[in-house]
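Asker: Predicted model follows, preceded by the sequence.
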Amino acid sequence: MNGRDIQIRDPFVLPLEAEGLYYLFGSTDKNIWGPGTGFDAYVSEDLSSWEGPHPVFRPSADFFADTNFWAPEVYAYAGRYYMFATFRRKDNGRLGTATLAAERPLGPFEPVSEGPVTPEAWSSLDGSLFVDDAGEPWMAFCHEWQQIGDGEVCAVRLTADLSRAAGDPVTLFRASEAPWTTPYVSPRYPDTANYVTDGPYLIRGNKGGLYMLWASFIDNKYALGVARSESGGILGPWTHQPEALYRNDGGHGMVFRLFDGRRALAIHAPNRTPEERPLFLELTESEGTIKIGQLLND
């Protein structure tokens, strides 16, 4: 099948050059707003023709969540494959990101953390792994706008085995601080000015600068922006590119290396269920600014 056949949100690509294969993960339930089935993955040699789906995670009967299985990100780390994924807890109804692990990229993935790694009292989502220059693992994640109005991007240091937080979370910035975002008008919250943060992902630039992709809304249309750390570290401070990187109802981006060395951006578009599909675009950096180029999949 090709990308037009794959309904997926929050696409995440793990390239394994030794195999010559790209592994595509994401939110794959037909209705991700309802009961959670699990996560599937697809495999490709060229980002155009995909084989799958392969079930990589299915919850056990005593799993802590049964609704809203979102945004799995899979990393090769410390000799295993680790997944960060968001689930809605059964006990308090709040979202949180948990860690899972497997011996192979296609799983099966099993929980490593005891429930979410994110704070129990927070509704949090879209955890993403970042390893700093000292080799310390961190998780960037969102403190959800539905709980606090002005969504935040936060970071927390993790233990070496990624199973729990090793410190208190730090707020990096709020959605309203970016010049390109506009309030999200929600029928559930009609009388408040809501700003969304979604899908943070950190990348190193060609000269060592640290950038973050993250999603929000412009006039109620999904969009993707970029921030740059002035210190070069995850704690910032963070300065936002004035214009959105992508604003055509697509977002939740991540970046991966093509086997020819170029960088590629993965997003889903449009932001409507069940129409969302994976898009892969060339990504470039010029004079401290991230830009997108040609479409890499048809």
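Answerer: Happy to help now that I have it.
Asker: So what touches stretch 228-247?
Answerer: 130, 132-133, 138, 140, 155, 170, 172-173, 177-180, 202, 208-213, 218, 221, 223-227, 253, 265, 267, 269, 281, 288-292 (Cβ atoms under 8 Å, 6 or more residues apart in numbering). Where C-beta positions appear, they are placed from N, C-alpha and C, glycine not excepted.
Asker: roughly how far is it from the heart of the chain?
Answerer: Offset of stretch 228-247 from its chain centre (Cα atoms, centre = their mean, to the nearest Å): 16 Å.
Asker: Show the model's pLDDT score for the nearest residue to D161 once chain neighbours are set aside.
Answerer: Nearest residue to D161, sequence neighbours excluded (Cβ to Cβ, 6 or more residues apart in numbering): V112, at 6.9 Å. Looking at V112, its pLDDT stands at 98.
Asker: show me the contacts for V112.
Answerer: V112 neighbours (Cβ under 8 Å, 6+ apart): 82, 98-101, 161-163.
Asker: How about A178?
Answerer: Taking Cβ under 8 Å, 6+ apart, we find A178 in contact with 216, 225, 227, 240.
Asker: Can you tell me which residue is spatially central in the protein?
Answerer: Nearest to the centroid of the C-alpha atoms of the chain, with distances taken as Cα atoms, centre = their mean, sits G199, at 4.0 Å.
Asker: Who's the closest spatial neighbour of that one, skipping the chain neighbours?
Answerer: Spatially, and ignoring its direct neighbours in sequence, G199 is nearest to H252 (3.7 Å; Cβ to Cβ, 6+ apart).
Asker: Is the one you found within a helix or a strand, and which one?
Answerer: Using DSSP states H and E, H252 sits within strand 251-257.
Asker: For that strand, name the packing helices and strands.
Answerer: Where contact means 3 or more Cβ pairs under 8 Å, 6 or more residues apart in numbering; DSSP states H and E, strand 251-257 is packed against strand 9-16, strand 198-204, strand 210-218, strand 221-229, strand 263-269.
Asker: separation between the nearest residue to G96 once chain neighbours are set aside and W122?
Answerer: Computed as Cβ to Cβ, 6+ apart, the closest residue to G96 that is not its neighbour in sequence is P116, at 2.6 Å. Distance, P116 to W122, by Cβ to Cβ, to the nearest Å: 9 Å.
Asker: Give me the common contacts of the two.
Answerer: Listed contacts common to P116 and W122 are G96; contacts here mean Cβ under 8 Å, 6+ apart.
Asker: quick one: which of the two has more around it?
Answerer: Neighbour count, other Cβ atoms under 10 Å: between P116 and W122, P116 has more, with 27 against 20.
Asker: Who are the contact partners of the more buried one?
Answerer: P116 makes contacts with 64, 87, 89, 95-98, 124, as judged by Cβ under 8 Å, 6+ apart.
Asker: go on, Q147?
Answerer: 94, 122-123.
Asker: and with 6 Å instead?
Answerer: For Q147, the contacting residues are S123, by Cβ atoms under 6 Å, 6 or more residues apart in numbering.
Asker: How about the backbone phi and psi for it?
Answerer: Note on Q147: its backbone torsions stand at phi -90, psi -30 [degrees, to the nearest 10].
Asker: For it, give its distance to D126.
Answerer: To D126, Q147 is 14 Å away according to Cβ to Cβ.
Asker: now do T192
Answerer: The gap separating T192 from D126 is 22 Å, by Cβ to Cβ.
Asker: In terms of neighbours, single out the busier of these two.
Answerer: A direct count of neighbours by other Cβ under 10 Å for T192 and D126 places D126 higher, at 28 against 13.
Asker: element containing that one?
Answerer: Element membership for D126, per DSSP H and E: strand 124-131.
Asker: Also Q146?
Answerer: In the assignment (DSSP H and E), Q146 maps to helix 145-148.
Asker: Alpha carbons of that helix, as CSV, please.
Answerer: Output in CSV follows, covering the C-alpha atoms of helix 145-148 (Å, rounded to 0.1, in the frame of the first residue of the first chain):
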residue,chain,number,x,y,z
TRP,A,145,-4.7,23.1,27.2
GLN,A,146,-8.0,21.5,28.3
GLN,A,147,-6.7,21.5,31.9
ILE,A,148,-4.9,24.9,32.0
